[in-house]
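K.L.:
Okay, predicted coordinates and the sequence, questions at the end:
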Amino acid sequence: MAGRSLVIAFGVAMFWADTRLDADVQDDINKELLATVQLLDEAFVARDAKTIRKFAAPNHISIASRYQFFNLDDQLKTLSKLKLSSNKSGPKKVIWISADVALVTYEAKLVGTYAGKRIDSRVRVLTTWVRRDRKWIEISYQETALNESSN
């Protein structure tokens, strides 16, 4: 009986250790993805086309109330029209679709102009990310304006 209990305890410990290792790995992947999201957000504020190209797919889709782009080249042609002085985001939530595909959702406060028109607004953002060759790439960005009274 004691031997049987020892085998069961060992099995439970090994299962817990594997689960803990997977949780640690998943936490590292989440941190890596969220750091990349932050880099891309900062690149748009800085209007840094080189960094944007590094982290956005060529067939990137971007939809907001002030524009719609269905590829990255078209969006970058108008990058000079975007003048963000601030892109402050709240906590980001990662929703895993598969091991290499994730949605990231969060609220942000945008301050600036696009094509000379003020864009100060609170928005809900939903982005889709894929991991290709161990690198995170955004394939879509969508934002929806929120009323100031929205929670």
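P.N.:
Good, I have the coordinates. Being a predicted model, the structure only gives us computed values, none of them experimental.

K.L.:
Surely T51 touches A43?
P.N.:
Yes. T51 is in contact with A43 according to CB atoms under 8 Å; the separation is 3.8 Å. For glycine as for every other residue, the C-beta is placed from the backbone atoms N, C-alpha and C.

K.L.:
Looking at these two, which one has more neighbours?
P.N.:
Here T51 and A43 are compared on neighbour count by other CB atoms under 10 Å; more neighbours surround A43, at 19 against 15.

K.L.:
pretty sure the more buried one belongs to a helix, no?
P.N.:
Yes. Counting by DSSP: H, G, I helix; E, B strand; the rest coil, A43 is found in a helix.

K.L.:
longest strand anywhere in this structure?
P.N.:
As assigned by DSSP state E, the longest strand anywhere in the chain is strand 101-114.

K.L.:
Could you tell me which residues within that one count as buried?
P.N.:
In terms of neighbour count (16 or more other CB atoms under 10 Å), strand 101-114 has its buried residues at A102, V104, Y106, E107, A108, L110, G112, Y114.

K.L.:
which one of those sits closest to W129?
P.N.:
A102 (5.1 Å; CB to CB).

K.L.:
contacting residues around that closest one?
P.N.:
Contact analysis of A102 by CB atoms under 8 Å, 6 or more residues apart in numbering lists L33, V94, I95, W96, T128, W129.

K.L.:
And V111, by the same measure?
P.N.:
Counted by CB under 8 Å, 6+ apart, V111 has contacts L84, S85, S86, N87, I119, D120.

K.L.:
Just the ones in strands from those residues, please.
P.N.:
Checked against DSSP E, the contacts of V111 include these in strands: L84, S85, S86, N87.

K.L.:
State the number of residues packed around the nearest residue to A108 once chain neighbours are set aside.
P.N.:
Distances taken as CB to CB, 6 or more residues apart in numbering place S89 nearest to A108, at 4.2 Å, with adjacent residues excluded. Residues lying near S89 (other CB under 10 Å) number 16.

K.L.:
now do the one 5 residues further on
P.N.:
The local packing count at V94 equals 17, with neighbours defined by other CB under 10 Å.

K.L.:
partner residues bridging A64?
P.N.:
Y67 (DSSP bridges).
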